[in-house]
Structures are given as structure tokens and as C-alpha cells.
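Undergrad: just coords:
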């Protein structure tokens with residue numbers, strides 16, 4: 001028979017669930033009570049020569065595992081959180097396997113805090129480090145024929161649908177999807193492959209998707225694609241619409257930040273963070289969720305702070321194209337336009353009244369129809385203020401109506 005102490009030692013060598021869901025389990029963070037007990041235990045026994053991790057009962061030393069992330073970071077909670085936080089960001093390969101559960105479609109992309117990191121406060125870091133739940137992944141799916149796609153998806157994934165919707169059939173589901181709001185229908189809290197990971201996917205027809213990207217009809221999909229997303233499937237035509245959408249967003253952010261100069265010119269002096277924040281903020285102007293505090297007021301700040309490199313990779317080439325097309329010049333130099341205009345510090349652009357008018361013409365048609373022709377070519381500080389007011393009012397009216405009905409749906 002095995003001696004009792006040896007038997008207990010074997011039984012107590014059980015894996016402990018890892019809070020970061022890494023490849024190997026590791027021990028939990030130290031609570032103040034356990035930390036005090038551990039220090040008292042270490043005073044009673046000499047420290048082992050090798051690096052050891054502690055078993056939950058704190059009386060048995062065990063050899064360190066190869067991927068024991070908690071041991072490397074338990075003394076620095078901030079470092080421990082960041083490592084676990086990055087474990088939650090999924091790869092493109094895994095997301096492509098996720099969308100394979102759906103019928104064939106023309107476009108799909110993943111976005112949100114479950115895909116791209118966001119800057120967090122200390123309290124949010126502590127809550128996230130204690131939580132073992134993975135963040136929900138948001139996915140947009142664009143299809144040419146919504147009725148045929150929903151008919152096939154109901155057969156493949158019936159559990160994704162509400163029983164009432166499923167009972168009425170694909171025609172009814174497609175009708176609910178296209179009516180009002182952003183012409184989308186979301187399916188939240190969908191478990192992927194029996195894992196703890198959940199996704200929320202929204203279905204939209206490619207016709208409505210392209211119209212929103214080109215004309216900013218609802219600024220729902222267009223606003224999400226202003227920010228970094230992970231494109232999983234697409235077509236050449238939709239790719240061009242996405243590029244035009246981001247080009248319009250950059251022009252809009254520059255126009256909203258223009259200031260009048262004494263020499264009759266207009267300047268745009270923004271840091272990289274301010275420029276990207278202005279782009280990301282377009283789709284949130286007038287959003288009723290912020291008015292009733294159903295959304296974090298610092299959401300835009302968190303998105304931009306954690307993804308500055310991704311924003312720069314998207315918009316630096318577009319800014320260079322605009323500079324060549326409109327002959328934009330830097331206000332800090334009198335020579336020809338230096339490229340790239342998006343420097344390490346930000347943008348510093350000088351525009352004449354004609355160049356402001358040309359930049360305004362890049363905006364989508366749904367915005368241009370809300371701006372009188374006389375306001376598109378400002379000649380004074382008063383004209384510029386009026387242009388800003390018209391532009392903000394137009395953006396707020398689009399976002400407010402679409403977001404309100406979409407949230408109800």
C-alpha cells in the first residue's frame with residue numbers, strides 16, 4: 001500500500017483552471033489571506049533552489065510548468081492582465097473557421113473589443129483579470145440573397161434563431177432584417193463549436209451594405225468600417241466601397257477640425273491621436289446610447305489609444321492620395337507637398353477656399369444634400385463655423401435615426 005503522505009501528495013497535484021485560458025492551467029492569483037499564509041510558510045521553510053510554483057493548499061511545492069503565465073506575472077497585476085488580455089484576441093485563421101459554420105456569403109468581417117484590444121482603466125483591468133469569461137466577438141455578414149441565405153442557415157444552425165422567427169420561415173426573417181434601422185438583423189449569444197466563446201453576428205444584404213458605404217445612409221456598417229476590422233471574406237467591389245468609405249471619413253474629420261488663418265487660408269493641425277479620434281467619433285455623433293449612458297462615454301478614446309498603429313496603416317495611404325489629388329500642402333513649409341503628410345506627430349495641412357470646397361465634394365451624397373452649396377466654399381471664419389454646424393447636424397440626424405430603430409429591432 002502507498003504511504004498516506006505520498007498518496008495525498010499525488011491527489012493534490014491536480015490542475016488548477018487558468019484565468020487566461022492559456023494552453024496550460026496555472027495557479028490562481030494570490031489573495032491577501034493566502035499571500036500572508038504563503039509568507040508565513042516561507043519563513044518556516046527555506047526557499048527552494050529551483051523556481052517553484054505553489055499548489056492551492058500552499059504546503060506543497062510543485063515544479064513550474066512551461067507556460068505558467070501566472071507565476072511570471074503574479075507580482076505585477078498590470079503585466080499579468082495584459083498578457084491574459086492578449087490571449088483573448090483571436091487570430092484571423094480561427095475567425096475564418098468560425099464563419100465556415102455559415103452558408104456561403106459575399107462579405108464577412110469581425111470587429112469590436114473581442115477582436116481588437118482597448119485601453120482599460122485600473123478598475124477595468126482588475127475586473128478583467130478576475131473574469132474567466134471571453135469577450136463576445138462581433139461579426140458582420142453580407143449576402144446577395146437574404147431569403148436563400150437564411151433558408152440555408154436555418155437548416156444548418158437552427159439554434160441561432162428565435163423560435164418565433166424560425167417558425168415563420170426565411171421570407172419573414174429576411175423581411176424583418178430589411179425593415180428599418182440599419183437593415184440588419186443580429187443574432188447574439190451564439191456559442192461556437194461548444195466552446196465558451198460566444199459570437200454575435202449581424203446579417204445584411206450586399207445592396208444595403210454597399211449603399212451605406214457609398215452614401216452613408218445609416219452610418220451603421222460604414223461607421224464600423226471606419227475603424228480597424230478583420231476582413232474574413234470580401235469581393236473586389238466591396239473592397240473598393242470600403243476604401244471610398246474611409247476616404248470620406250478622413251475628409252470629414254479634416255473638415256471638422258479646420259481653423260481659419262489670417263492669410264485667408266484654413267489649417268488643420270492635429271496630432272495622430274486627435275485625427276484618429278475624429279474619424280472614430282463620426283459614427284457615434286447623436287447615438288442615443290450615449291445620451292442614456294447605455295454606452296461607455298470613453299469608448300472612442302479607448303479604441304483609438306489601443307489601436308493607433310492600425311489606424312495609421314489604414315489612413316496614411318489615403319491621406320497621401322488626397323494630398324496628390326487636391327494638391328494639399330503642409331502649413332509648416334512653403335515647398336511642394338511633403339509625403340507622407342501623416343507624420344509621427346500628426347498632420348499639419350494648409351488649404352485654400354477652393355481646396356476646402358474640393359474636399360467637401362468627397363463627402364457622401366447623403367451628407368452633401370444636407371449642406372447648402374454656399375456653405376461648401378467658406379470665405380471667412382463665420383462661413384467655416386456654419387459648415388461645421390451643418391456637417392455635425394447631418395451626421396447626428398443619420399446616426400440617431402438608424403441607431404434608434406436598430407436598437408429596438
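TA: Great, that's in hand. Remember, it's a predicted structure, so these values are computed and weren't measured experimentally. Residues are numbered from 1 along each chain as shown.
Undergrad: drop to CA atoms for contacts and neighbour counts, all remaining ones
TA: Will do.
Undergrad: What about residue 173, how many residues nearby?
TA: Residues contacting residue 173 under the criterion other Cα atoms under 10 Å number 20.
Undergrad: and what of residue 407?
TA: Neighbours of residue 407 (other Cα under 10 Å): 11.
Undergrad: what does residue 324 give?
TA: Each residue near residue 324 was counted by other Cα under 10 Å, and the total is 13.
Undergrad: So for stretch 91-110, mean pLDDT?
TA: Stretch 91-110 shows a mean pLDDT of 93.
Undergrad: now stretch 215-230
TA: On average, the pLDDT along stretch 215-230 is 95.
Undergrad: got it, and stretch 256-270?
TA: Stretch 256-270 shows a mean pLDDT of 86.
Undergrad: Likewise for stretch 344-355?
TA: 86.
Undergrad: buried residues in that stretch?
TA: Buried residues in stretch 344-355, counting neighbours by 16 or more other Cα atoms under 10 Å, are found at 346, 347, 348, 349, 350, 351, 352, 353, 355.
Undergrad: Need the phi and psi values for the third one.
TA: I take that to be residue 348. Backbone torsions of residue 348, given as degrees, to the nearest 10, read phi -140, psi 90.
Undergrad: what pairs with it across the strands?
TA: Residue 348 has these beta-bridge partners by DSSP bridges: residue 269.
Undergrad: related to what we said a few turns ago, next, format the buried residues of stretch 344-355 as JSON lines and append distance to residue 96.
TA: Output for the buried residues of stretch 344-355, formatted as JSON lines (distance: Cα to Cα, whole Å):
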{"residue": "346", "distance to residue 96": "35"}
{"residue": "347", "distance to residue 96": "36"}
{"residue": "348", "distance to residue 96": "40"}
{"residue": "349", "distance to residue 96": "40"}
{"residue": "350", "distance to residue 96": "43"}
{"residue": "351", "distance to residue 96": "44"}
{"residue": "352", "distance to residue 96": "46"}
{"residue": "353", "distance to residue 96": "47"}
{"residue": "355", "distance to residue 96": "43"}
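Undergrad: Which helix or strand contains residue 388?
TA: Using DSSP states H and E, the element containing residue 388 is helix 381-408.
Undergrad: which strands and helices sit next to that helix?
TA: helix 236-256, strand 259-260, helix 288-291, helix 365-368 (3 or more Cα pairs under 8 Å, 6 or more residues apart in numbering; DSSP states H and E).
Undergrad: Low-confidence stretches in this structure?
TA: Along the chain, segments meeting pLDDT under 70 span 1-89, 120-133, 193-195, 263, 328-341.
Undergrad: quick one, strands of it?
TA: In the chain, the strands defined using DSSP state E lie at 53-54, 61-62, 107-111, 137-143, 184-191, 198-205, 230-233, 259-260, 266-271, 329-330, 346-351.
Undergrad: Just name the most buried of those strands.
TA: Mean neighbour count, computed with mean count of other Cα atoms under 10 Å, is highest for strand 137-143 among the strands of the chain, reaching a mean of 23.
Undergrad: Out of the helices and strands packed on helix 381-408, flag the one nearest residue 310.
TA: helix 236-256 (13.2 Å; Cα to Cα).
Undergrad: still on that earlier bit, redo the helices and strands packed on helix 381-408 as CSV? Include distance to residue 100.
TA: Putting those into CSV (distance: least, Cα to Cα, whole Å) gives the following:
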stretch, distance to residue 100
helix 236-256, 20
strand 259-260, 49
helix 288-291, 32
helix 365-368, 35
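Undergrad: Identify the farthest-apart pair in the buried residues of stretch 344-355.
TA: Maximum distance among the buried residues of stretch 344-355 (Cα to Cα): 22.3 Å, for 346 and 353.
Undergrad: distance of residue 191 from residue 244?
TA: Residue 191 sits at a distance of 34 Å from residue 244 (criterion: Cα to Cα, to the nearest Å).
Undergrad: With residue 284 instead?
TA: Distance, residue 284 to residue 244, using Cα to Cα: 19 Å.
Undergrad: what does residue 318 give?
TA: Here the criterion is Cα to Cα. By it, residue 318 lies 9 Å from residue 244.
Undergrad: do residue 378 as well
TA: In this view, residue 378 and residue 244 are 24 Å apart by Cα to Cα.
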